[in-house]
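Peer 1: Prediction below, plus the sequence it came from.
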Amino acid sequence: MPSSEFAALIEEFDRLIRRDPARRGLIGGDGRFGPLGVGQLALAAEHLAQHARHAALVTGFFVPHATPPAAETDGPPGTLLLAQALEALGVRTCVVTDSHCAGAVAAAAEAFDYDRSRLIVPPRDGHWIEGFFLDGPGRDLTHLIALERVGPSHTRASLIAQIRELGAPVELFEARVPVQTHGRCHNMRGQAIDEHTADLHRLFDEVRTFRPEAKTIGLGDGGNEIGMGSIPWEELVARLEGEHAVCIPCRVATDWNILAGTSNWGGYALAAAVLALAGREDVLRPWDREHQRQAIEHMVAHGPAVDGCTGRQEATVDGLPFLTYIQPWEGIRRLLGFPG
């Protein structure tokens, strides 16, 4: 664990991002449920700061029923800021997305001045995973990170494989979750979006085969993202609202799973924590409120990108007005000694 000084600082970062503006209920600590994911930010940051040499970051969440259909604004900004933070520490990075989200992620890369040659859009066939790990960008991977990237829901087998104190609630799962929804990627409305989502989750399914020493990190805010398989299905279902909640939880687990009110906040906090541990907070000095606003506006205009909650092409994130959305980031910057 980090020293007590840095541990306290990262704990404050965690507190700032553990707001629940969409009232999804995952963060917990509201009297009904205990908090989920406490301490995961510090553990992930510590390992990245000490051991990262080459990281692949996976992002992009497509909203097929938006106007226009596009990737959402939550995900790429947090991913690109984290990638630039790691690059500043000498860590080689690449950002992986799919063809549906490529325009928005490329626009975010431009806004964050990230080398677009390091953006990877795998082909939609069954053979790219092996090439990625054996002679592609993943051949010497130390860390695989997903930020706001949807993954497939549970099956009976994945439910049983989850780590929990008591036995898996198999009968409850089979009674409540229709078979046709098993192993599908769902949005927060419970709609299956597999036809609009490439199988990038297979990187996490197969990383242990090709790179058993690599560590994985998932960042999310809704329960349907890669990494949420670290939390028992029934824990997530109890917190999520609506009949469709039983279908949403992603089965893909990661070594560390960071929860935040928006996934971008998780990426921002992880970038800040890693840089603080390395004594390189200066990297974040230029990324004030106005730079963040410009980055999201550029992504929306040139991606295009849309707000994942409203479905509109506007420079907001998860339905939050920009001044509300940016508050956790400004709080992190103040803790690092930067002006707003």
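Peer 2: Structure's in. What do you need?
Peer 1: What segments of the protein are helices?
Peer 2: Using DSSP state H, the helices of the chain run over 4-17, 40-51, 76-88, 102-111, 128-134, 156-161, 170-176, 202-210, 233-239, 263-277, 289-302, 322-325, 327-335.
Peer 1: so which of the ones you listed is the most packed in?
Peer 2: Highest mean neighbour count of the helices of the chain: helix 263-277, a mean of 28 (counted as mean count of other CB atoms under 10 Å). The way it works is simple: take the backbone N, C-alpha and C, and place the C-beta from them, glycine included.
Peer 1: picking that back up, between the helices of the chain, which one is nearest to Gly227?
Peer 2: For the helices of the chain, proximity to Gly227 was assessed by CB to CB; helix 202-210 is nearest, at 8.4 Å.
Peer 1: What mean pLDDT does that closest one get?
Peer 2: Averaged across helix 202-210, pLDDT comes to 97.
Peer 1: Report the spatially closest residue to Ala238, excluding sequence-adjacent ones.
Peer 2: The shortest distance from Ala238 to any non-neighbouring residue, by CB to CB, 6 or more residues apart in numbering, is to Phe33 (6.7 Å).
Peer 1: What does the pLDDT read for that neighbour?
Peer 2: 71.
Peer 1: Just want to check the distance between it and Phe112.
Peer 2: Separation of Phe33 from Phe112 (CB to CB, to the nearest Å): 35 Å.
Peer 1: quick one, which of the two is more surrounded?
Peer 2: Taking other CB atoms under 10 Å, Phe33 and Phe112 do not tie; Phe112 has more neighbours (21 against 14).
Peer 1: and the more buried one, what does it touch?
Peer 2: When contacts are counted by CB atoms under 8 Å, 6 or more residues apart in numbering, Phe112 touches 77, 80-81, 83-84, 295.
Peer 1: The same query, at a cut-off of 10 Å, please.
Peer 2: 76-77, 79-84, 287, 291-292, 295, 298-299 (CB atoms under 10 Å, 6 or more residues apart in numbering).
Peer 1: circling back: let's have the helices of the chain in TSV, adding distance to His182.
Peer 2: Shown next, in TSV, are these (distance: least, CB to CB, whole Å):
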stretch	distance to His182
helix 4-17	32
helix 40-51	27
helix 76-88	28
helix 102-111	29
helix 128-134	22
helix 156-161	7
helix 170-176	9
helix 202-210	15
helix 233-239	12
helix 263-277	25
helix 289-302	34
helix 322-325	34
helix 327-335	35
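Peer 1: Distance of Gly223 relative to Gly190?
Peer 2: Distance of Gly223 to Gly190, given as CB to CB: 11 Å.
Peer 1: overlap in contacts of those two?
Peer 2: Counting by CB under 10 Å, 6+ apart, the common neighbours of Gly223 and Gly190 are 153, 240, 245, 248.
Peer 1: Which among those count as buried?
Peer 2: 153, 240, 245, 248 (16 or more other CB atoms under 10 Å).
Peer 1: and which of the residues you listed is nearest to Asp14?
Peer 2: Set against Asp14, the nearest of those by CB to CB is Leu240 (21.4 Å).
Peer 1: how far away is the closest residue in space to that closest one that isn't next to it in sequence from Thr155?
Peer 2: Among residues not flanking Leu240 along the chain, Gly223 sits closest, at 5.7 Å (CB to CB, 6+ apart). Plainly put, Gly223 is 16 Å away from Thr155 if you go by CB to CB.
Peer 1: Repeat that for Leu240.
Peer 2: Distance from Leu240 to Thr155, by CB to CB: 19 Å.
Peer 1: Which residue of Gly223 and Thr155 possesses the greater neighbour count?
Peer 2: Per other CB under 10 Å, whichever of Gly223 and Thr155 has more neighbours is Gly223, with 25 against 17.
Peer 1: Might you report the residue contacts of the more buried one?
Peer 2: Contacts of Gly223 (CB under 10 Å, 6+ apart): 24-26, 36, 153, 186, 188, 231, 233, 235-237, 239-240, 245, 248-250, 259.
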